[in-house]
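> turn this into a structure:
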Amino acid sequence: MYKRILVATDGSKLSQKAVDHALSLADMTGAEVVALKVVPRYPQSYFEGGVALPASEVARVEKQWHDEAMATVTAIKSAGQKREVKVKPVTAKGDLVSEAIIGTAKRQKCDLIVMASHGRRGIKRLLLGSETQQVLTHSHVPVLVLR
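Numbering: from 1, shown residues only. The predicted model follows:
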């Protein structure tokens with residue numbers, strides 16, 4: 001059925017449900033899992049009064065974020081090994097999480113994306129947006145959403 005399942009995580013409790021589900025599904029179908037955490041770029045401030053950090057400091061912060069993301073996806077790999085599921089830990093750098101998820105799914109030749117949704121409604125959804133909604137709208141790969 002599925003050969004390669006991408007599971008997107010942000011390290012939250014809610015996304016852990018998606019991870020658990022993806023590992024179970026992979027175990028049942030014999031699929032490989034691609035565990036993805038998207039790392040943002042350091043925001044550059046161009047506003048008057050904004051403090052610009054030296055390039056070395058920006059690089060240090062971005063490396064720290066990347067290392068934390070790798071720790072998250074490596075933990076998923078360890079969980080997969082306990083279930084005898086092959087897991088490939090991956091990070092992607094990008095300002096738009098949904099684009100990074102869709103792009104990674106395409107590059108890794110995934111045939112399913114598993115992710116969680118916070119289920120925000122009303123003004124919170126309007127202000128915070130919904131990465132899950134963007135993935136659902138723009139992905140050509142099937143998406144399984146957990147709440």
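> going by C-alpha atoms from here, please, whenever you check contacts or count neighbours.
Noted.
> could I get the contacting residues of residue 139?
Under the criterion of C-alpha atoms under 8 Å, 6 or more residues apart in numbering, the neighbours of residue 139 are residue 102.
> what score does it have for pLDDT?
Confidence at residue 139, expressed as pLDDT, is 96.
> helices along the chain, start to end?
Ranges of helices within the chain are 13-29, 55-82, 97-107, 122-128, 131-138, based on DSSP state H.
> quick one: closest of the ones you listed to residue 91.
Among the helices of the chain, the nearest to residue 91 by C-alpha to C-alpha is helix 55-82 (6.6 Å).
> list the buried ones in the closest one?
58, 62, 65-66, 69-70, 72-74, 76-77, 79-80 (16 or more other C-alpha atoms under 10 Å).
> equivalent analysis for stretch 15-26, please.
15-19, 21-26.
> hmm, back to that, dump the helices of the chain into JSON lines; add distance to residue 43 as well.
Below are the helices of the chain laid out as JSON lines (distance: least, C-alpha to C-alpha, whole Å):
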{"stretch": "helix 13-29", "distance to residue 43": "24"}
{"stretch": "helix 55-82", "distance to residue 43": "9"}
{"stretch": "helix 97-107", "distance to residue 43": "14"}
{"stretch": "helix 122-128", "distance to residue 43": "17"}
{"stretch": "helix 131-138", "distance to residue 43": "19"}
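> least reliable of those going by mean pLDDT?
Among the helices of the chain, helix 122-128 scores lowest, with a mean of 48.
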